[in-house]
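J.: Sequence isn't available, so here's the structure alone:
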């Protein structure tokens, strides 16, 4: 069962799961799952610059509100659009199992 975006609250904190290695390349982030010293190349993810910035802030300390505020400050985006995009991004991260709620 997955959460709907309406169940993801800005007061929530999420953290990246430990077995994901990420590297920034030309403003984008490449996420690679590592399990038992093996790389699952079928599950490599690429994030654009904005999603990569959000990913880096998912440390279990920042609320989604603080992530949203940072994205609005850093990028030329309306707050309502950034809010919706962030909720959808977190939903996708939850569905593929790369973040967990703290």
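T.: That came in fine, so what should we check first? Only a predicted model underlies this, so the values are computations on that prediction, with no experimental measurement involved.

J.: which residues make contact with the longest strand along the chain from outside it?
T.: In the chain, with assignment by DSSP state E, the single longest strand is strand 28-35. By CB atoms under 8 Å, 6 or more residues apart in numbering, the list of residues contacting strand 28-35 from outside reads 19-23, 39-41, 43-49, 51-52, 55-56, 98. Bear in mind the C-beta positions are built from the backbone N, C-alpha and C, glycine included.

J.: hmm, try it at 7 Å
T.: Outside strand 28-35, the residues that touch it by CB atoms under 7 Å, 6 or more residues apart in numbering are 19-23, 39-40, 43-49, 52, 55, 98.

J.: What mean pLDDT does that strand get?
T.: The average pLDDT within strand 28-35 is 86.

J.: So in that sheet, which strands flank that strand, and in what orientation?
T.: strand 20-25 (antiparallel), strand 38-39 (antiparallel), strand 45-47 (antiparallel) (DSSP bridges).

J.: Show me how far the first one is from its chain's centre.
T.: Right, strand 20-25. The chain centroid and the centroid of strand 20-25 are separated by 12 Å, computed with CA atoms, centre = their mean, to the nearest Å.

J.: for the last one, same thing?
T.: When C-alpha coordinates are averaged (CA atoms, centre = their mean), strand 45-47 and its chain have centres 10 Å apart.

J.: What residues sit buried inside it?
T.: If you call a residue buried by 16 or more other CB atoms under 10 Å, then strand 45-47 has these buried ones: 45, 47.

J.: before we move on, the earlier item: just name the most buried of the strands paired with strand 28-35.
T.: The highest mean neighbour count among the strands paired with strand 28-35, using mean count of other CB atoms under 10 Å, belongs to strand 45-47: a mean of 16.

J.: This completes my enquiry, with thanks.
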